[in-house]
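1. model this:
(one chain, ligands or ions: 1)
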Amino acid sequence: MTDYPGGLPAGYRLVTFDQLNSTNEEACRQARAGAPAGTVIVAARQTAGRGRRGRVWQSPAGNLYFSVLLRPSWPLAHAPQLSFLAALAMGEAIIQAAPGAAQGLRYKWPNDILLGGAKLCGILLESASLGQAPDWMIIGVGLNIASHPVDTPYPATALAAIGTAPAPRALLGEFLHRLDAWLSRWKTAGFGPVRTAWLARAAGLGEPITVRLEGRELAGVMRGLDENGALLLDAEDGARHLVSAGDVFFPRKG
Ligand code: BTN
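-> From the prediction side, this is the model:
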């Protein structure tokens, strides 16, 4: 248990692998086979790590790759809010393990974590629903600790870039405690506290951004989040837009 100084929160169980194609894929497989909520799939490396919008998540050894299986009781419409809880939990775990990251850590809508303006961590939610509530939901997290890819359409970084390399397992243990705490708070107090905490470290708030949607782009000023986590954007034509899916780009500085 030396990896997890405080142990894991009650109800979580780790299943570890040296190598997997994708921890999300394995978590989906286990979910379909009836694995309980709180199952956490961890791999030291992935051969087919997946990112949002069908992108590849490069996954060499030295970084953290895991997927948490939940069996939600909340409505399907609230499911996207989970990515904000996950980002907050990971942001807090990173700052706890690597205090030097505190100054430059920002949340990028909808579910990235940036360090010094470059991508440090990505989150991929996957779910399957049979009715009003998701049957299961998977939160997949990739955190660059030792290395980061160089051939990405956006700048990427790793914790090693600020001279720190916390143990992946210690970060995972801390993340699960923080996630558990945020889930409890969210269930009793709703999305408000999550939104406030996320906006306190939001990248691009009040600044010009571009959002790439299916087949078009919207440029404007990022104004915040609505009560469900959709992005509020005041477009150049003066219209206010609510964006629920897309990729955000920041103008190059200098
Ligand atoms: C993104 O595109 O930003 C999301 C990346 C999510 C990557 C993680 S790594 C662990 C888990 N397993 C996967 O195949 N993907 C997620």
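2. and the residue in the chain that the ligand sits nearest to, what does it touch?
-> Per CB to the nearest ligand atom, residue 122 is where the chain lies closest to the ligand, at 2.3 Å. Where C-beta positions appear, they are placed from N, C-alpha and C, glycine not excepted. Counting by CB atoms under 8 Å, 6 or more residues apart in numbering, residue 122 makes contact with 51, 52, 57, 111, 112, 141, 142.
3. List just the nearest of those to residue 201.
-> Proximity of the contacts of residue 122 to residue 201 was ranked by CB to CB; the top entry is residue 112 with 11.9 Å.
4. partner residues bridging the most centrally placed residue in the chain?
-> Among the residues of the chain, residue 123 comes closest to the average C-alpha position under CA atoms, centre = their mean, at 3.1 Å. Residues in a beta bridge with residue 123, per DSSP bridges, are residue 141.
5. Correct me if wrong: it contacts residue 85.
-> No - at 9.9 Å, residue 123 and residue 85 do not qualify as touching, with contact defined as CB atoms under 8 Å.
6. Any chance you could list residues touching both of the two?
-> Taking CB under 8 Å, 6+ apart as the contact criterion, residue 123 and residue 85 have no common neighbours.
7. near the ligand, which residues of the stretch 101-250 of the chain?
-> Proximity of the stretch 101-250 of the chain to the ligand is confined to 112, 122, 123, 124, 140, 141, 142 under the rule CB under 6 Å from any ligand atom.
8. got JSON lines for those, with pLDDT too?
-> JSON lines is the format used below for those (pLDDT from 0 to 100):
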{"residue": "112", "pLDDT": "97"}
{"residue": "122", "pLDDT": "97"}
{"residue": "123", "pLDDT": "97"}
{"residue": "124", "pLDDT": "96"}
{"residue": "140", "pLDDT": "98"}
{"residue": "141", "pLDDT": "98"}
{"residue": "142", "pLDDT": "98"}
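9. Tabulate these in a markdown table, adding columns for distance to residue 241.
-> Conversion of those to a markdown table gives the following (distance: CB to CB, whole Å):
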| residue | distance to residue 241 |
| --- | --- |
| 112 | 20 |
| 122 | 24 |
| 123 | 23 |
| 124 | 24 |
| 140 | 28 |
| 141 | 29 |
| 142 | 29 |
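10. Pick out the most distant pair among those residues.
-> The largest separation in these, counting by CB to CB, is between 112 and 140 at 13.1 Å.
11. With neighbour numbers in mind, choose between those two.
-> Neighbours were counted for residue 112 and for residue 140 using other CB atoms under 10 Å; residue 140 has more, 26 against 20.
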